[in-house]
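Peer 1: just to be clear, the model below is a prediction. Sequence and coordinates:
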Amino acid sequence: MTTDAQRYKIHLLLLLLSTHLSFTIASDAIPTPYVSPRTLIDGRITLYDSNGKPVIHENDESSTCESSSSTTGVKISPVMGCCETSVEGEYQHVEIGAMPQMDTDEAMQALDSAKEAWSGGSGTWPQMSMSDRIRCVEDLLDKLSVVREEIVNLLMWEIGKNYDDAQAEFDRTVLFVRQLIDALKERDDLHGSWVDVKGTKAFVRRAAIGIIMCLGPFNYPLNETYATLIPALLMGNVVLLKIPTVGGLVHLLTMQAFSEALPPGVINFVSGRGRATMPPLMATGDIDGLAFIGGSNAADDLIKTHPEPHRLKLFLQLEAKNMGIFLPSLFENDNEEKLNSAVKQAVTGAFSYNGQRCTALKIMFVPRKYSDVFAEKFVKAVEDLDVGLPWKKSFENGKYSMITPLPNAKRVSYMKELIEDALEKGAVIINSAGGSLVGGESSTLMVPTILANVNESMRIFDEEQFGPISPIVPYDDIETIRAYAREGKYGQQVAIFTADGGEDASELLDKFSSIFGKININSQCGRSPDTLPFSGRRSSAMGVMSVVDALKEFSVPTVIAYKGHDENGIVKSIEEDSVFMQSVV
């Protein structure tokens, strides 16, 4: 450990005594959850005991273990919570559930079910009217609401999301789905309409692609997964859902709702190591679309295994290294109020949910001349953040902890690697106890780290930290910023903070318009509102996410056309009998 790091770690005791630290043992807060292992294949839920032996099909009372395709059992892996509890004064992570670890053969059973449900586009679901599919998804929402509190509790325990944010993730997901349904009912370009183009009359409606493999992230396991999964289902596709290794228990809680609301085989869940399941499934060539939210390297490896990648529909939301750019005007001409507002936005953008968001501000560019002024304000705002367990409120402001445990020790180790690398190359930790662990070395509750004097030699300069580290890069001229954006790997978002607009801000905006998907002025980066396009360039994204765009990403336009007049009423008769052309409203 370097001298700089040791110097700041001695402040940990002061932090532990601070009114802003709300760390207490879990047993004083809420009951520890436990989710038993289960699978959903072909519409049937199979529960497993601790040895991986099937117990019963939860929604099929007539079936028995002996009639199950899983009579030999599956491997079961315990899932440990990110939050700690205390046993006789010793902190330890507790088991909050168990996850079936499917092998290739078991994953293939899920694919076989999906293929039967799709049936070359002739299955029950793709042939169902859009209005009937909407009713099924509305029924799904009703059934999911029954387990809302269980899901919220699990989001806190498994991935450290605080209570308010966990509730918001569930509620935002429901709102997003309802907005999808409204769009299908209200927009001609989605629900279909007749047009007349130079004597050719055409009915245009979007139709399904096929079997979609959905892989969601750990940080928003419900919201971001459903942002692809539900649009795909509504448009008539069949889905294979790969449960994430971290943050996956919530999906086990949703299986009952899916099995009751949708026809068998329309959605099948695949769990376990991605390397054992995903490449073999992709290699069959039976997957028609990939909805992937995660790392670009993993996405590339998976795509390469498809025998005909040219016909694989891709929707990718990947990494980002979003810049927070502070222009000199903020520090000049008595712009204290505007500077304070910019700092507040930057702190929230950098550390909301520990910075574990693709839209987080992951690197700050500050004029060298004013770096000390910025650092003082930034440090003060960060040290005022509440650090603690997800369900604990600050005594001072009544808000839930903003800085909560990271999901596992692997994430902590990566944060430490980045910090150590930066310190060895000249960076300095400028906030009290930055990078320290609250609750001992086995803890995953990490105090935020602010790194000053960051430069291009450090890993943190280019790598996406996806955690509670904020690197500050001093710059002497605007070209430094332009070069970073121009030469960088990613192109999701950027935030420009300025007091008066001016030529620098306008020039950056113009240059950035062909680099980033979203340019934020005096506000943090973010995905919402969901009605706006959420896109990215380079290695940050392929495809556009929004209420309307998501429905279009998982469908293709189908045209029914004729010329002249329908004098004999043939087309009208076909339209009246057609399920595909049936009115949505």
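Peer 2: Right, received. Where do you want to start?

Peer 1: where does the stretch 201-350 of the chain dip in pLDDT?
Peer 2: Applying pLDDT under 70 to the stretch 201-350 of the chain picks out no residues at all.

Peer 1: show me where it has strands.
Peer 2: Along the stretch 201-350 of the chain, counting by DSSP state E, counting those that start in this stretch, strands occupy 211-215, 238-242, 267-270, 289-293, 313-317, 322-326.

Peer 1: switch these over to JSON lines; also include mean neighbour count and distance to V373.
Peer 2: C-betas here are computed from N, CA, C, even on glycine. Converted to JSON lines, those look like this (neighbours: other CB atoms under 10 Å; distance: least, CB to CB, whole Å):
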{"stretch": "strand 211-215", "mean neighbour count": "25", "distance to V373": "44"}
{"stretch": "strand 238-242", "mean neighbour count": "27", "distance to V373": "47"}
{"stretch": "strand 267-270", "mean neighbour count": "27", "distance to V373": "52"}
{"stretch": "strand 289-293", "mean neighbour count": "25", "distance to V373": "38"}
{"stretch": "strand 313-317", "mean neighbour count": "21", "distance to V373": "36"}
{"stretch": "strand 322-326", "mean neighbour count": "26", "distance to V373": "10"}
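
Peer 1: got CSV for these, with distance to N333 too?
Peer 2: As requested, those are exported to CSV (distance: least, CB to CB, whole Å):
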stretch, distance to N333
strand 211-215, 50
strand 238-242, 54
strand 267-270, 58
strand 289-293, 43
strand 313-317, 40
strand 322-326, 15
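
Peer 1: ramachandran coordinates for P37?
Peer 2: As for P37, its main-chain torsions (degrees, to the nearest 10) stand at phi -70, psi 140.

Peer 1: so it makes contact with A98?
Peer 2: Yes - proximity of P37 to A98 meets the contact threshold set by CB atoms under 8 Å, at 4.3 Å.

Peer 1: between these two, which one's more packed in?
Peer 2: Legend: neighbour count by other CB atoms under 10 Å for P37 and A98, higher for P37 (25 against 21).

Peer 1: give the contact list for that one.
Peer 2: Going by CB atoms under 8 Å, 6 or more residues apart in numbering, P37 touches 47-48, 52, 74, 76, 97-100, 252.

Peer 1: what sits against the residue nearest to L222 when sequence neighbours are not counted?
Peer 2: Of all residues beyond its chain neighbours, the one nearest L222 is T173 (5.2 Å), with distances taken as CB to CB, 6 or more residues apart in numbering. If you count contacts by CB under 8 Å, 6+ apart, T173 has them with 222-223, 226-227.

Peer 1: circling back: inside helices: which ones of the contacts of P37?
Peer 2: Judged by DSSP state H, the contacts of P37 include L252 as members of helices.

Peer 1: among the strands of the stretch 201-350 of the chain, which comes closest to G160?
Peer 2: strand 289-293 (18.8 Å; CB to CB).

Peer 1: picking up where we left off before, hey, what's in contact with both of P37 and A98?
Peer 2: The contact sets of P37 and A98 overlap at 48, 76 (CB under 8 Å, 6+ apart).

Peer 1: distance-wise, check S371 relative to N520.
Peer 2: According to CB to CB, to the nearest Å, S371 and N520 sit 22 Å apart.

Peer 1: for V584, that is, sorry about that
Peer 2: Relative to N520, and taking CB to CB, V584 is found at 35 Å.

Peer 1: same question, P533
Peer 2: 14 Å.

Peer 1: ditto for F461
Peer 2: Separation of F461 from N520 (CB to CB) stands at 21 Å.

Peer 1: which residues does L233 contact?
Peer 2: 125, 133, 137, 239, 262, 266-267.

Peer 1: looking at the strands of the stretch 201-350 of the chain, which is nearest to V379?
Peer 2: Nearest of those (CB to CB): strand 322-326, 14.7 Å.

Peer 1: give the other helices and strands that that closest one contacts.
Peer 2: With contacts taken as 3 or more CB pairs under 8 Å, 6 or more residues apart in numbering; DSSP states H and E, strand 322-326 sits against helix 336-351, strand 361-367, helix 478-487, strand 493-497.

Peer 1: roughly how far is it from the heart of the chain?
Peer 2: Relative to the centre of its chain, strand 322-326 is centred 22 Å away, using CA atoms, centre = their mean, to the nearest Å.

Peer 1: now do it: everything it contacts.
Peer 2: So strand 322-326 is contacted by 342, 346, 349-350, 359-367, 370, 374, 481, 484-485, 490, 492-497, 508, 524-525 (CB under 8 Å, 6+ apart).

Peer 1: compare the contacts of T173 and tell me which has the most neighbours.
Peer 2: Among the contacts of T173, A227 has the most neighbours (other CB under 10 Å), with 28 neighbours.

Peer 1: surely it meets A550?
Peer 2: Yes - contact criterion CB under 8 Å: A227 and A550 qualify, at 6.2 Å.

Peer 1: picking up where we left off before, what's the closest of the contacts of P37 to L385?
Peer 2: Among these, G97 lies closest to L385 (CB to CB), at 29.5 Å.

Peer 1: show me where pLDDT drops low in the stretch 51-200 of the chain?
Peer 2: Residue ranges of the stretch 51-200 of the chain with pLDDT under 70: 56-72, 85-91.

Peer 1: quick one: contacts for T305?
Peer 2: 278-279, 282-283.

Peer 1: ok, the residue lying closest to V584 once chain neighbours are set aside to S371 distance?
Peer 2: On the basis of CB to CB, 6+ apart, the spatially nearest residue to V584 that is not a chain neighbour turns out to be H191, at 4.1 Å. Noted for H191: a distance of 54 Å to S371, by CB to CB.

Peer 1: can you name the next helix or strand after the lengthiest helix in the chain?
Peer 2: Under DSSP H, the helix in the chain containing the largest number of residues is helix 163-186. For helix 163-186, the following helix or strand on the C-terminal side (DSSP states H and E) is helix 188-191.

Peer 1: just to revisit the earlier point, ok, the contacts of T173 vs E503, which is closest?
Peer 2: Out of the contacts of T173, the member with the shortest distance to E503 (by CB to CB) is A227, at 37.8 Å.

Peer 1: can you map out the strands along the stretch 351-500 of the chain?
Peer 2: Using DSSP E, counting those that start in this stretch, the strands of the stretch 351-500 of the chain run over 361-367, 387-388, 428-429, 449-452, 469-475, 490-491, 493-497.

Peer 1: rank these by pLDDT, which is bottom?
Peer 2: Mean pLDDT per stretch puts strand 387-388 lowest among those, at a mean of 93.

Peer 1: so, low pLDDT: which residues of the stretch 351-500 of the chain?
Peer 2: By pLDDT under 70, the low-scoring segments of the stretch 351-500 of the chain are 395.

Peer 1: residues near E224, how many?
Peer 2: That count, for E224 with other CB under 10 Å as the rule, works out to 23.

Peer 1: distance of it from F315?
Peer 2: Going from E224 to F315 by CB to CB gives 12 Å.

Peer 1: again with L532
Peer 2: Note on L532: its distance to F315, by CB to CB, is 17 Å.

Peer 1: let me see the ranges of the helices in the stretch 51-200 of the chain.
Peer 2: 104-118, 124-127, 130-145, 148-159, 163-186, 188-191 (DSSP state H, counting those that start in this stretch).

Peer 1: got the buried residues for the first one?
Peer 2: Within helix 104-118, the residues that count as buried by 16 or more other CB atoms under 10 Å are 106-115, 117-118.

Peer 1: pLDDT of the strand or helix carrying L40, averaged?
Peer 2: L40 is part of strand 38-41, with elements assigned from DSSP H and E. When pLDDT is averaged over strand 38-41, the result is 97.

Peer 1: and this protein, what are its domains?
Peer 2: Using automatic domain parsing, the domain parsing of the chain gives 3-26+320-521, 32-317.

Peer 1: want to throw these into CSV with distance to I570?
Peer 2: Listed next are the domains of the chain as CSV, based on distance: least, CB to CB, whole Å:
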stretch, distance to I570
domain 3-26+320-521, 46
domain 32-317, 12
